[in-house]
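[1] My questions are about this predicted structure, shown below with the sequence.
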Amino acid sequence: MNEKVKGFLKPLAESLLAVFIGFFLGAIILLAFGYSPFEAYYWLLRGSLGSTSGIASTLSYATPIMLTALTFAISARTGIFNIGAEGSVYFGAIAAIIFTNIYGNVLFGLLMGMLVGAMWGLPAAFLKVFRGVHEVISTIMLNWIAWYAVLYLVTGPYANPSDPNKTILVPESARLPLLGGSNLSVGFILAIVASIIVYYILWHTELGFGMRASGMNPKGAEYGGIDPKKAIIWSFVIGGFASGLAGAVEVMGRPPTYAISQGMANINGYGFDGIGVALVGRNHPLGIIFAAMFFGMLRAGTTMMQIGAGVPLEIIYVIQGIIVVAVAIPGLIDIFKNLRRVRA
Amino acid sequence: MSLGSSIVPILVTSLMAMVPIVLTSVGAVVSERAGIVNIGYEGIIMISAFFGAIAAEVSGSWFIGLLGGAFVGALLGMLHGFITVYLKGDHIIPGIGINLLAMGLVPFGIVAYWGTAGQHQVPDTVRVPNWNTTYGNISPMIIVTLVITFVTYWVLFKTPLGLRIRAMGENPEAADAIGLNVEKYRFWAAVYGAALAGLAGAYISIDWVGAVTKNVAAGRGFIALANMVFSGWNPLMALVGGFLFGFFDTLAIWVQSSQVVPWQFVQMLPYVMTIIIVAGIIGKVRPPKWDGRPYKRE
């Protein structure tokens, strides 16, 4: 087998193996708590892929996590761990609501969501570059700060006077068009386009080359005339654009809500899901497209699973967590090969 | 309620709030002194809070509950240690994985085990007995935390074992050259760190808060990491920093009840303070040289 095919197949096999481990251990946990894993997985699949509306739902759940995965992947390629997608999603969503109510235009809403999301990426970038604060600590703290700041806006100034369960609505003129009579909006296509743009930036521009070079070897990159500080700031900014867009798309293109619902339930968790998506997609924008659809499937099937099999929907987060731990095991495939050799 | 009359209760509550942060920070100091970075403490606190509560309720003993929490923490530390020390894997990603796992396992477990959504109240009979004073509850775990902190400091800086642990984070090549088993020291340092985080988790669920919730750690695992940086990787300073964070945590609740500012902004205070303190302190302290770097024998 030639090297290029091998370099593609091995990570793919490792990701698939990690997914298998996730479902396998998930099944054991389900059994331990007295549920039937077969029933749970059957309803999960039926809910996500068993009907046209299920598939539409799978793809619309894939949309925001594809974008938040890009945030994590861009930073990982630059050699940092930006866990702050969550905060940018909140700010992207509230910005889309605020600004579409000022001027009810789709493009304006998307743009403001992206801009505000990108701006929320800056504090962590500056703390990293100018003060050397580890981004894992700063982004997590900023996520909490974003949570309370946006919660204040959601329950205070932008609360819906006629419905206490949500914010004011995105006006009809600023809602994303739906695809062919389904509940899936063009937001999905925007996410795919964003993935391709990120791929292009990372592998076909000077900026992207600088980002990847400082990710692989910051000292070497600096010696080669690349400024790692600039690369880091740009990775936070581009990442913030993606997550801000995720928030905007979520409120502008997800019928029937078109608002932020109580407790911010419809916009929270995407940042963390994105980390899993990015890792399973091997931090590659094209891998992320498929990984996002897979994780979208998990989310879309949970309601059916909860109703059909009576299994608490949180089990899918357990499975996702196990998958990420499994992805972290270096040379997962090699370990299994060695085990076989030992036995044989 | 004026600040003057509530200052003693605030200080007492600060001591209670200090415990999980100090325990986790002190464990993280040992782990990082040996070169192992673990950002999964947040998840370890959550999972241990859950299993610690189960252990206490099943056995009917708060002591078993605390031990159970520490044990579950140690198991997660072994998982992290195995991936980072023996398989030479990345230090950050398994930590992220443990945090994500906890975000699923704890809400799932609350529904699956107790049948309640979102939160479970631990019965008073299996909670750690506190001294009820006029200024608020005082848990014996405050004293345990002080003892653990001072003993850890003493071992780390005054004994040959501590010298060896620190060598694993500063210069594992030299340690290896004189015949020390780098992997063994690093692995057990990681396990010690996670076990203390586990104890912190059980403390939250069966002592201080007395409940298991979806957000039982509330960022304390990360605040503990920030506090570790603040301490300059020194257990005694981690005690001082932990008290400060505990104080801000408590002050936030006090300001909230006085309704001077919207409660959301008050809730932000501990996180804002964490960022400000870490940003102000960094550059003045230096992590162990081999912190977070896998050691492979040439």
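    Good, I have the coordinates. Numbering: from 1, shown residues only, chains lettered A, B, ... in the order given.

[2] Can you name the next helix or strand after the lengthiest helix in chain B?
    Scanning chain B for the helix with the most residues, using DSSP state H, yields helix B:3-33. Sequence order places helix B:41-59 as the next helix or strand after helix B:3-33, per DSSP states H and E.

[3] downstream neighbour of that following helix in the secondary structure list?
    Downstream of helix B:41-59, the next assigned helix or strand under DSSP H and E is helix B:62-81.

[4] ok and the longest helix of chain B relative to helix B:41-59, angle-wise?
    Orientation check (axes from the mean of the first three to the mean of the last three Cα atoms, to 10 degrees): helix B:3-33 against helix B:41-59 gives 100 degrees.

[5] Give me the mean pLDDT for helix B:3-33.
    When pLDDT is averaged over helix B:3-33, the result is 90.

[6] give me phi/psi at residue B:121?
    Main-chain dihedrals, residue B:121, degrees, to the nearest 10: phi -90, psi 130.

[7] shouldn't it be in contact with residue B:210?
    Yes - counting by Cβ atoms under 8 Å, residue B:121 does reach residue B:210; the two are 6.8 Å apart. Yep, even glycine has a C-beta here, placed from its N, CA and C like the rest.

[8] ok so, going back, what packs against the longest helix of chain B?
    In this structure, helix B:3-33 packs against helix B:41-59, strand B:136-138, helix B:140-158, helix B:160-170, helix B:182-203, helix B:220-230, helix B:235-258, with contacts taken as 3 or more Cβ pairs under 8 Å, 6 or more residues apart in numbering or on different chains; DSSP states H and E.

[9] how about it: buried residues?
    For helix B:3-33, a neighbour-count test (16 or more other Cβ atoms under 10 Å in any protein chain shown) marks B:6, B:9-10, B:12-33 as buried.

[10] now stretch B:59-79
    Buried residues in stretch B:59-79, counted by 16+ other Cβ under 10 Å: B:61-62, B:64-79.

[11] near chain A, from these?
    residue B:79 (Cβ under 8 Å from any Cβ of the partner chain).

[12] just to revisit the earlier point, so can I have CSV of the helices and strands packed on helix B:3-33 showing distance to residue B:130 and mean pLDDT?
    What follows is these, written out as CSV (distance: least, Cβ to Cβ, whole Å; pLDDT from 0 to 100):
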stretch, distance to residue B:130, mean pLDDT
helix B:41-59, 15, 97
strand B:136-138, 4, 85
helix B:140-158, 8, 97
helix B:160-170, 33, 94
helix B:182-203, 12, 97
helix B:220-230, 20, 90
helix B:235-258, 16, 86
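
[13] okay, these in TSV with distance to chain A next?
    Shown next, in TSV, are the helices and strands packed on helix B:3-33 (distance: least, Cβ to the nearest Cβ, whole Å):
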stretch	distance to chain A
helix B:41-59	8
strand B:136-138	26
helix B:140-158	21
helix B:160-170	16
helix B:182-203	14
helix B:220-230	5
helix B:235-258	11
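
[14] Tell me which of the ones you listed lies nearest to residue A:14.
    Closest to residue A:14 of the helices and strands packed on helix B:3-33, according to Cβ to Cβ: helix B:41-59, at 22.6 Å.

[15] Count residues in the vicinity of the one residue in the stretch 151-298 of chain B that gets nearest to chain A, would you?
    Closest contact between the stretch 151-298 of chain B and chain A, by Cβ to the nearest Cβ, is at residue B:264 (3.9 Å). Neighbours of residue B:264 under the rule other Cβ atoms under 10 Å in any protein chain shown: 19.

[16] what's next to the helix or strand where it lies, contact-wise?
    Applying DSSP H and E as the criterion places residue B:264 in helix B:263-281. Helix B:263-281 is contacted from outside by A:127, A:131, A:133, A:137-138, A:141-142, A:144-145, A:148-149, A:151-152, A:155, B:219, B:222-223, B:226-227, B:229-230, B:232, B:241, B:244-245, B:248-249, B:251-253, B:255-256, using Cβ atoms under 8 Å, 6 or more residues apart in numbering or on different chains.

[17] do stretch B:96-106 as well
    Residues outside stretch B:96-106 that contact it (Cβ under 8 Å, 6+ apart) are A:29, A:81, A:83, A:272, A:275-276, A:279, A:314-322, A:324-328, B:39-40, B:42-44, B:46-47, B:49-50, B:76, B:79-80, B:212, B:214, B:216-217, B:221.

[18] Residue B:66: what's it in contact with?
    With contact taken as Cβ under 8 Å, 6+ apart, residue B:66 is in contact with B:52, B:56, B:128, B:141, B:199, B:202-203, B:206-207.

[19] So it versus chain A, what's the distance?
    Separation of residue B:66 from chain A (Cβ to the nearest Cβ, to the nearest Å): 23 Å.

[20] For that residue, report the pLDDT, please.
    Note for residue B:66: predicted pLDDT of 97.

[21] Kindly report the same for residue A:297.
    93.

[22] do the one 4 residues further on as well
    Residue A:301 is assigned a pLDDT of 91 by the prediction.
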